[in-house]
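Participant: Just the structure for this:
(2 chains)
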Amino acid sequence: MKVSAYCTASQAPSLTRPAWTRHLPARTHLFSSRPNPQPDDMFRNTYDSDNTVFSPQGRLHQVEYALEAVKQGSAAVGLRSKTHAILLALKRSTGELASYQQKMYRIDDHVGIAIAGLTSDARVLSNFMRQQAMSSRMIFNRPIPVNRLVSSIADKAQVNTQEYGRRPYGVGFLVIGGDKTGPHLYEFSPSGNSYEYYAMSIGARSQSAKTYLEKHYESFVDCNLEDLIRHGLHALRETLQQDKELTINNTSIGIVGPAGDHEKNVPPEGPFRILEGEDIDVYLKGMVPKEGEGAAPATAATEAPAGQAQQPPPAAGDEDVQMAD
Amino acid sequence: MDHFPTNWGRPRNDAYDAYNTYPLHQRPNHHTDVFSDGVQRTQQPIVTGTSVLAIKFKDGIMMAADTLASYGSLARFKSIQRLQAVGNSTVLGVSGDMSDFQYLQTLLDELIIEEFAAADKHELGPAEIHEYLARVMYARRSKMNPLWNAILVGGHKDGKSFLAFVDLLGTTYSASTLATGYGAYIALPLLRKAVEGRENTLTEEEARKILTDCMRVLFYRDARSLNKFQLATVTEAGVSISDTLTLETSWGFAEGIRGYGAQTQ
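Facilitator: Next comes the predicted model:
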């Protein structure tokens, strides 16, 4: 190796520090006066203030923080059968006096979304999706293929992970839609990824719902609408805090597909519709009470440390729901 | 009244020297006329194709157009294909300006490539292609710069036949028999009589005969037509465009008519 001709081993160029920085104090960030943070520093590291810069581990920290913003939002669950795709979401309110924050939006007759994260970012993206959908109807007289709609916002989100001076969107979507290739469920995330799923959950404590979905997803394909909604509610219930339960006020159900047994006035093509309030009472009553209901929770919830990329599955008893008064 | 004869017959410019302040020989002449570098629009078609005919039959649709591209009344190009497959289930028949047709071909080629590249099992069918063309035609007429064509869009997809018209104004309509240009006057009544009410029973062979007969009538009557033509068929199997066919004609009736054939007196 030519380098060794004029370098001793100890002087060999290192991957992390170019040779020309050797006159600088040890472990000082090049473009900052602040000393390099210690492990217990509140700053994650020195590569997190600009989303276009890779960390030495090959990660984009701003993008990962955006994914954290999605986890701050209340949970949404999506699942799909041969005939239907549905969304279920938990609405939050800031207090007794406040209304519940809307979690689902209609994009077009055949597409709807559930959001988790920054609502204002979601409004920007859903507005864009609506424009895309209308433009497809205008130019081709065709409902936009759902995968193309999701790809179009994923492309927008990707730009924000690469261009200087921008920030990623702080919101994730579950998108359901029906087109010529059947019912679909997609997840969109601020990293610019979009994947199709049989079942998926996003938002706070969504790992618990995911665990439920992973256990049951193989039976979803042949479910009728009522069974599919029951599975969805069971999954959503897993994300609840200890003393909370699903009510007609805090739950939204979004459906694409033919009308179910409890639905009235749904056009035959089965457009996207959102069920809220009294309309979902029948579905909530159809839920199977959780096992061990009424038993005292074994342990208190142990929240995952903030900033950890993946939430661990919660301890048993953490997600207990009080179905009785 | 402009008293200077040199201005007569030229475009007016009321803003300039309205009161004839300058004597004729001193009038500054350095201004350029407001129209001299104006945008040029299509005023008329140049190289044109004549009628296109199309009908529905029980398995799909069939379309016919001759292979002539005229330069005014001159039969300039005698083997120009005016039937164009777009994707796997659509065919266009284009009359009017042939250069505008070529422009539309490039637009549609781009569109089809984009659709193919998506590779997601969605395809543009005849209804989508027709809507797109109508948008393009209407957008261009709204810019006062129309694409000077009348187009028939036919196709067969998912068990359904589609047949519709769009022209340089963006006007659209749909029927089981359609014709553009001279054919709308001469062939359309014949097509309606032969096809309407029988769309679901006509065989491909019968459809071919109906269109061939109408092309023959048009060749006799339309002075911008040719006895060479092509037939396009779209069925569940896809699009097929025939080789050039030749019409059988007989001119015996013209023997004694002055104005036909060689003159003997």
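
Participant: Correct me if wrong: B:T172 contacts B:F165.
Facilitator: Yes. The criterion here is CB atoms under 8 Å, and B:T172 meets it with B:F165 at 6.3 Å. (Each C-beta comes from the backbone N, C-alpha and C, glycine too.)

Participant: May I have the beta-bridge partners of the nearest residue to B:I80 once chain neighbours are set aside?
Facilitator: Using CB to CB, 6 or more residues apart in numbering or on different chains and skipping the chain neighbours, the partner closest in space to B:I80 is B:A69 (4.2 Å). Beta bridges link B:A69 to B:F77, judged by DSSP bridges.

Participant: Now do B:A69, the pLDDT please.
Facilitator: At B:A69, the predicted lDDT confidence score is 98.

Participant: And it, how close does it get to B:L226?
Facilitator: Using CB to CB, to the nearest Å, B:A69 is found at 9 Å from B:L226.

Participant: right, and the secondary structure at the residue nearest in space to the middle of chain B would be what?
Facilitator: For chain B, B:S95 is the residue whose C-alpha lies nearest the centre (CA atoms, centre = their mean; 1.9 Å). Secondary structure, DSSP: H, G, I helix; E, B strand; the rest coil: B:S95 is strand.

Participant: Repeat that for B:L231.
Facilitator: strand.

Participant: With A:A89 instead?
Facilitator: Using three-state DSSP, the secondary structure recorded for A:A89 is strand.

Participant: Also A:G172?
Facilitator: Three-state assignment for A:G172 (three-state DSSP): strand.

Participant: thought it was touching A:E187?
Facilitator: Yes. Proximity of A:G172 to A:E187 meets the contact threshold set by CB under 8 Å, at 6.9 Å.

Participant: Please say which of these two ends up with more neighbours.
Facilitator: Just comparing A:G172 and A:E187: by other CB atoms under 10 Å in any protein chain shown the higher neighbour count belongs to A:G172, 31 against 20.

Participant: For the closest residue to that one other than its chain neighbours, pull up the helix or strand it's in.
Facilitator: In space, A:G172 comes closest to A:V70 once its chain neighbours are excluded; the distance is 3.8 Å by CB to CB, 6+ apart. Taking DSSP states H and E as the criterion, A:V70 maps to helix A:61-72.

Participant: Sort out which residues of that helix are buried, please.
Facilitator: A:H61, A:Q62, A:V63, A:E64, A:Y65, A:A66, A:L67, A:A69, A:V70, A:K71 (16 or more other CB atoms under 10 Å in any protein chain shown).

Participant: Could you check the angle the next helix or strand after that helix makes with helix A:61-72?
Facilitator: Toward the C-terminus, helix A:61-72 is succeeded by strand A:76-80 as the next helix or strand (DSSP H and E). Orientation of strand A:76-80 against helix A:61-72 (axes from the mean of the first three to the mean of the last three CA atoms, to 10 degrees) gives an angle of 90 degrees.

Participant: Other residues contacting strand A:76-80?
Facilitator: A:85-90, A:103, A:114-116, A:174, A:176, A:183-185, A:187, A:197-203, A:206, A:209, A:213, A:217, A:220, A:228, A:231-232, A:235-236, A:239 (CB atoms under 8 Å, 6 or more residues apart in numbering or on different chains).

Participant: Now list the buried members of those residues.
Facilitator: So, by 16+ other CB under 10 Å, the buried ones in the contacts of strand A:76-80 are A:85-90, A:103, A:114-116, A:174, A:176, A:183-185, A:187, A:197, A:199-203, A:206, A:209, A:213, A:217, A:220, A:228, A:231-232, A:235-236, A:239.

Participant: what's the neighbour count on the closest residue to chain B within the stretch 201-325 of chain A?
Facilitator: Using CB to the nearest CB, the single residue of the stretch 201-325 of chain A nearest to chain B is A:E269, 15.0 Å away. Per other CB under 10 Å, the neighbour tally for A:E269 reads 12.

Participant: likewise B:T249?
Facilitator: When neighbours are counted by other CB under 10 Å, B:T249 registers 9.

Participant: wait, it sits on B:N227?
Facilitator: Yes. Proximity of B:T249 to B:N227 meets the contact threshold set by CB under 8 Å, at 6.2 Å.

Participant: can you list residues touching both of those two?
Facilitator: B:F219.

Participant: Those residues of the stretch 101-250 of chain B touching chain A, which are they?
Facilitator: Counting by CB under 8 Å from any CB of the partner chain, the residues of the stretch 101-250 of chain B lying close to chain A are B:A118, B:D120, B:K121, B:H122, B:L124, B:A127, B:E128, B:E131, B:Y132, B:R135.

Participant: rewinding a little: can you tell me the element the residue of the stretch 201-325 of chain A closest to chain B falls in?
Facilitator: Counting by DSSP H and E, A:E269 is part of no helix or strand.

Participant: Can you check the pLDDT for it?
Facilitator: Looking at A:E269, the pLDDT reads 94.

Participant: show me the contacts for it.
Facilitator: A:D109.

Participant: Distance check, it against A:P258.
Facilitator: 8 Å.

Participant: for A:G78, same thing?
Facilitator: 18 Å.

Participant: what's the answer for A:Q57, then?
Facilitator: Counting by CB to CB - A:Q57 and A:P258 are separated by 49 Å.

Participant: Counting neighbours, go ahead and name the busier of these two.
Facilitator: The residue with more neighbours, out of A:Q57 and A:P258, is A:P258; 16 against 8, by other CB under 10 Å.

Participant: is it true that that one touches A:P268?
Facilitator: Yes. With contact defined as CB under 8 Å, A:P258 reaches A:P268; the gap is 7.3 Å.

Participant: Check what pLDDT B:I129 gets.
Facilitator: For B:I129, the model assigns a pLDDT of 98.

Participant: Number of residues surrounding it?
Facilitator: B:I129 has 27 neighbours, counted by other CB under 10 Å.

Participant: Let me know the helix or strand that it is in.
Facilitator: Counting by DSSP H and E, the element that carries B:I129 is helix B:126-142.

Participant: elements contacting that helix?
Facilitator: With contacts taken as 3 or more CB pairs under 8 Å, 6 or more residues apart in numbering or on different chains; DSSP states H and E, helix B:126-142 sits against helix A:119-140, strand B:90-97, helix B:98-118, strand B:149-157, strand B:160-167.

Participant: Now do the contacts for A:S206.
Facilitator: Here A:S206 is in contact with A:K71, A:A75, A:A76, A:V77, A:A116, A:T239, A:Q311 (criterion: CB under 8 Å, 6+ apart).

Participant: do B:E115 as well
Facilitator: B:E115 is in contact with B:G87, B:H122, B:E123, B:L124, counting by CB under 8 Å, 6+ apart.

Participant: returning to what we had before: can you put the helices and strands packed on helix B:126-142 in CSV and add mean pLDDT?
Facilitator: What follows is these, written out as CSV (pLDDT from 0 to 100):
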stretch, mean pLDDT
helix A:119-140, 97
strand B:90-97, 98
helix B:98-118, 97
strand B:149-157, 98
strand B:160-167, 98
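
Participant: Format these as a markdown table; extra columns: distance to A:V159.
Facilitator: A markdown table is the format used below for the helices and strands packed on helix B:126-142 (distance: least, CB to CB, whole Å):
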| stretch | distance to A:V159 |
| --- | --- |
| helix A:119-140 | 12 |
| strand B:90-97 | 34 |
| helix B:98-118 | 20 |
| strand B:149-157 | 35 |
| strand B:160-167 | 36 |
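
Participant: and A:G277, how far is that from A:G203?
Facilitator: Taking CB to CB, one finds A:G277 at 21 Å from A:G203.

Participant: let me redo that: B:L104
Facilitator: Counting by CB to CB, the gap from B:L104 to A:G203 is 48 Å.

Participant: and if you look at B:N227?
Facilitator: On the measure of CB to CB, B:N227 and A:G203 end up 71 Å apart.

Participant: Likewise for B:V94?
Facilitator: 54 Å.
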